[in-house]
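Asker: Please find the sequence and the predicted model below.
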Amino acid sequence: MSDYAAPILYAVVMWWFLTGVILWLNHRPRHTHAWSFGATSLALAGALWAIAWSAGEPTEAGAYAAFTAALVVWGWQEMAFYMGFLAGPRRTAGLPTARGLARFGQAAATNLWHEAAIILGALAVAWLTEGRPNRIALWTYLVLWGMNLSARLNLYLGVRNLNAEFLPEHLRYLGSFFRRAPMNALFPVAMTLATAILLVLLHPAVTQTPSAFTLAGHTMMATLMALAILEHGFLMLPLPSAALWGWGLPARRPAGDADTRTAR
């Protein structure tokens, strides 16, 4: 079991630390965002280089490099959206009278450019790793994308906890597209599929005698999936998830003001 401790701990720490840093930067004054995003864009360039390099390195070091680089690429996507640089053509709240496809169309328009950027990012990572022995970066990126999309859809359909404090002030209009509900039809399906994917990711790391590359890479990806499942659980369970990143969040607003807002 000691062989699994390092990749599990690394994945947990990176998930916690990078999420907190992104939250902290997103909630800084607006005049700081251009500088923060510029620095993150330089990190993006380095991450893409690291993905290209690590793709030919089916080693333990290559697995760590690919996993870390994929997190940086995803972090750039998140900052581009939450800082408002790549959001969508709609920057206003949804119409109260909108229902069905009309409401969904309005919601989709708030993050259209963000979703397009995510797709382009996936294509770039796929191209950099095509035909190479180490594709940890691609699978890590796809895990993040899939679970992020699932969280967004669940928030749209209805969850118990919106965690409004995760959302920067300039994106408060997104709260009009999310709702509170004790459960929705997608949630149990998403949790079941995510658990199945978790087992698929973990399988190569625990069967027979995996190489150091396989053990590290698949353990980190499985841990990341488990953390994403945990974050989904925060949407429905009465747990203070924001406490995990209290150092990256501004002071809480009055509880009554948060009820109409959305989450990360």
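Answerer: Yes, it's here.
Asker: Who are the packing partners of the host helix or strand of Phe213?
Answerer: For Phe213, the enclosing helix or strand under DSSP states H and E is helix 212-236. For helix 212-236, the elements it packs on are helix 2-26, helix 60-82, helix 136-157, helix 186-206, judged by 3 or more C-beta pairs under 8 Å, 6 or more residues apart in numbering; DSSP states H and E. Where you see a C-beta, it was placed from the backbone N, CA and C, and this is true even at glycine.
Asker: Out of these, flag the one nearest Gly175.
Answerer: The closest of the helices and strands packed on helix 212-236 to Gly175 is helix 136-157. By C-beta to C-beta, the value is 9.6 Å.
Asker: Next, the buried residues of that closest one.
Answerer: 136-148, 150-152, 154-156 (16 or more other C-beta atoms under 10 Å).
Asker: With stretch 7-15 instead?
Answerer: Neighbour counts over stretch 7-15 (16+ other C-beta under 10 Å) mark Pro7, Tyr10, Ala11, Met14, Trp15 as buried.
Asker: pLDDT on it, on average?
Answerer: Averaging pLDDT along stretch 7-15 yields 97.
Asker: what sits against Trp24?
Answerer: Shown in contact with Trp24 (C-beta atoms under 8 Å, 6 or more residues apart in numbering): Trp247, Gly248, Leu249.
Asker: ok, now how distant is Leu149 from His232?
Answerer: Applying C-beta to C-beta, to the nearest Å, the value for Leu149 to His232 is 12 Å.
Asker: burial measure for the closest residue in space to His27 that isn't next to it in sequence, as a count.
Answerer: Setting aside the residues directly before and after it, His27 is nearest to Pro250 in space (C-beta to C-beta, 6 or more residues apart in numbering), at 5.0 Å. Pro250 has 12 neighbouring residues, counting by other C-beta atoms under 10 Å.
Asker: so how far is Pro168 from Pro250?
Answerer: 9 Å.
Asker: OK, contacts around Gly248?
Answerer: So Gly248 contacts Thr19, Gly20, Val21, Ile22, Leu23, Trp24, His27 (C-beta under 8 Å, 6+ apart).
Asker: For the buried residues of stretch 7-15, which two are the farthest from each other?
Answerer: It's Pro7 and Trp15 that sit farthest apart of those, by C-beta to C-beta, at 12.3 Å.
Asker: got a markdown table for the helices and strands packed on helix 212-236, with distance to Glu130 too?
Answerer: Output for the helices and strands packed on helix 212-236, formatted as a markdown table (distance: least, C-beta to C-beta, whole Å):
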| stretch | distance to Glu130 |
| --- | --- |
| helix 2-26 | 25 |
| helix 60-82 | 14 |
| helix 136-157 | 9 |
| helix 186-206 | 20 |
